[in-house]
Structure formats: structure tokens, C-alpha cells
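In: Pasting a predicted model and its sequence here:
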Amino acid sequence: MAEPPLSFAARFALAYVAFFKVLFDGVFAARVQASRELAVPEEPALRLSQPELPKASPPPKLREAPTDAALQLLGLLQREGRFIDFVREDVSSFSDAEIGAAARVVHDGCARALAEHLEISPVRSEPEDARVTLDVGFAATGVRVSGNVRGEPPFTGTLRHRGWRAANVRLPQLAEGHDVSVLAPAEVEL
């Protein structure tokens, strides 16, 4: 025989007591959980239909980034332009003119190292500040969209930076046993 339904006041009092009992009594909470799993499902006519949500695409598989080439390039920037020495130096006590003079030397050396070992080309061919349209399916890895981004492509906006792409990499071959983690050897004058 079915139990008569409880009044609102009785349900409210029961919910109030049950809330704190579940919150502070782990054994009681486990019994409530077990009773929920054994409960008879509602009648189909009383169920509210849930809209089918689109399935999220799986996250991209991650792979380890090779460190040898990155360390080798950083070592070349150090050798040609003293790049690491420059960025590790505390420049707060130097004048702007002194920093500018040092930056010119670092710039020239690093530009030389990049030109020798990398062919770098722009991601976008348009000049900066040109109006561009990003069509549906644009390569999101090559374009960062910023500002008031709403809706779906096509997007029209102003090209603020053309981006850079390594078109060709020509790093020197490494000798067996070479430690690429040594970006610049210590120098000892005798």
C-alpha cells in the first residue's frame, strides 16, 4: 500500500533534519546514498527530457617537446650575441644609453645566429594594420584572435602582427656525447 504524500511543512522539516544528518553523520549519508541507488526510477511520464548536449571533442594528445634543438639554438644565441648574459644581467643600474649600446651588440649577434640557422618567414603576407578576414577553418595555431571575439568565423579585423614561422631549420649536427645543456662553457683565463 502506498504511503500518503507528506505536506510541504513536513517535507521541509524532513529535508532540514536530513541535510544536517547527512552532513555530519557519515554512516547515515552512506545509507542515504545506497537507498538512492536502489530507488525505483520515476514513471517515464514524469521525467523531464534533457536536451542532448554535443559531445566535446577529445583533448589533443600531448607529446614531449624535444629539448636538444631548443638548447642548441639557445647556445648559438649565447655564442653569437651573448643573449643569456644580456637577459640575466640586472640592468636597473645602467643608463638607457648603456642598455641601448649593449642591446645593439646582442641584437646584431642574435640576428646573425638566426639568419645562419633558421629561415624565418611571416605567417601572414599582408602588411601590419591591414584589414584581414579569417574564414571558417582558419589555422588557429597560426593566428591569435583578440579583442571583441563573438560568434563563429568568418572574422574581420586588423592585422596587428604578421607572426613568424620557421620555414627551414639548419642546426649543426651534434657530436656523440655532446652535452647540449651547457649553453656556454665557463671561461677560465690562465
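Out: Thanks, I have it.
In: quick one: contacts of the lowest-mean-pLDDT helix or strand in the chain?
Out: Across the helices and strands of the chain, mean pLDDT, DSSP states H and E gives its lowest value to helix 8-24, namely a mean of 71. Residues from elsewhere that reach helix 8-24, judged by Cβ atoms under 8 Å, 6 or more residues apart in numbering: 6, 28-29, 32. Placement of C-beta: from N, CA and C, glycine included.
In: try it again with 6 Å
Out: Residues from elsewhere that reach helix 8-24 (Cβ atoms under 6 Å, 6 or more residues apart in numbering): 28-29, 32.
In: for stretch 143-161, same thing?
Out: With Cβ under 6 Å, 6+ apart as the test, stretch 143-161 has contacts from 124, 126, 128, 130, 132-136.
In: Now with 7 Å, please.
Out: Stretch 143-161 is contacted from outside by 124, 126, 128-136, 138, using Cβ atoms under 7 Å, 6 or more residues apart in numbering.
In: Which positions in the longest helix seen in the chain come out as buried?
Out: With DSSP state H setting the assignment, residue counts place helix 96-117 as the longest helix in the chain. Buried residues in helix 96-117, counted by 16 or more other Cβ atoms under 10 Å: 102, 106, 109-110, 113-114, 117.
In: And P60, which helix or strand is it part of?
Out: P60 is located outside every helix and strand, with elements delineated by DSSP states H and E.
In: mind checking the backbone torsions on it?
Out: Main-chain dihedrals, P60, degrees, to the nearest 10: phi -60, psi 150.
In: Need the pLDDT of it.
Out: Per-residue pLDDT puts P60 at 83.
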